[in-house]
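# sequence first, predicted model second:
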Amino acid sequence: MRLCKLFPVAIVAVLILSNTAPRALSQDLRVVRDNTIISTELPKADLTFGPAFHYAGGQNVNLYGMANAEQHLFVKPGNNGGIDAFCWVQFEHRVPSDNHTYHYPADHTTGIGGLEFVYDVKGSPDFASDLKADPASDGAAISRLAERSNMKFPRRAARIRMFHLPTPDRRSELMIIYGEALPEDPAVPPPKRGRRFDEGLSRLCPQAARRPEESTDNPRKVI
């Protein structure tokens, strides 16, 4: 199954046939060159984003002492520091002291550049606030990254979120989120906060999927 053609990322897999802010880590990040994230492992792939998107930066954070996350943000700027569209990329790995794994149902899958993803679609009437609801979450961390570039996430938004698990032990994941701002009076209004967006968005994207139910042992993702 193929996602909406609007999804602005090309992936080339390089295959050989607590209530506090996330703790910042050493900023040893993957190289970003010409709108391409070059990942040498977990997974080994190049992630290239369209020319309309500008790289806003990257950072490493620790999530709840359970996982380390490397975040990258590409944005399509709007007016007055707003973000019209964005691509949030996150490479996440369990810390050695945590014995949990990542689990997502494979009811809705897609392949991009040789990598298999599970995905879901959701909208929110206050996406920016949802990201910041838990100061220790990855959403709050990516919001702070945007704010350092004097940018802010949209209030009303729809997003596609995808997960790829690169190893059999399921202790690492690649998450990619593409989101767009919605007008104040959109043709497909977002539902109440936290509700699935499938019914409305399916009229825009027939491949819209149900939200994967996350295991309680996953570091919390509020978006």
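Thanks, I have it. The structure displayed is predicted, hence computed values, not measured ones. Numbers count the residues shown, from 1 in each chain.
# doesn't Met162 make contact with Ile176?
Yes - counting by Cβ atoms under 8 Å, Met162 is a contact partner of Ile176 at 4.8 Å. Placement of C-beta: from N, CA and C, glycine included.
# mean confidence for the helix or strand hosting Gly179?
Element membership of Gly179, judged by DSSP states H and E, is strand 172-181. Mean per-residue pLDDT for strand 172-181: 96.
# re earlier: who has more neighbours, Ile176 and Met162?
Met162 (26 against 22; other Cβ atoms under 10 Å).
# neighbouring strands of whichever helix or strand the more buried one is part of in the sheet, and parallel or not?
Using DSSP H and E, Met162 falls within strand 157-164. Sheet pairing here is set by DSSP bridges, and for strand 157-164 it gives strand 115-124 (antiparallel), strand 172-181 (antiparallel).
# grab the longest helix from the chain for me.
When the chain is parsed with DSSP state H, its longest helix is helix 138-148.
# name the residues contacting each of Ile176 and Met162.
Phe117 (Cβ atoms under 8 Å, 6 or more residues apart in numbering).
# can you get me a residue count around Lys152?
Lys152: 15 neighbours (other Cβ under 10 Å).
# residues contacting it?
Contacts of Lys152 by Cβ under 8 Å, 6+ apart are Gly81, Gly82, Ile83, Ala128, Ser143, Ala146.
# could you rerun that using 10 Å?
Counting by Cβ atoms under 10 Å, 6 or more residues apart in numbering, Lys152 touches Gly78, Asn80, Gly81, Gly82, Ile83, Ala128, Ser143, Ala146.
# wait, the third one touches Asn150, no?
Yes - between Gly81 and Asn150 a contact is recorded at 5.3 Å, counting by Cβ atoms under 10 Å.
# show me which of these two is the more surrounded one.
The residue with more neighbours, out of Gly81 and Asn150, is Gly81; 12 against 9, by other Cβ under 10 Å.
# OK, contacts around that one?
By Cβ under 10 Å, 6+ apart, the contact set of Gly81 is Ala146, Glu147, Ser149, Asn150, Met151, Lys152.
# could you report the pLDDT at it?
92.
# and the gap between the residue positioned nearest the centre of the chain and Pro51?
With distances taken as Cα atoms, centre = their mean, Ile177 lies nearest the centre of the chain, 3.0 Å away. Applying Cβ to Cβ, to the nearest Å, the value for Ile177 to Pro51 is 20 Å.
# cool, and Asn79?
20 Å.
# same check on His72?
17 Å.
# make sure Ala157 is actually in contact with Val121.
No - using Cβ under 10 Å, Ala157 makes no contact with Val121, being 11.6 Å away.
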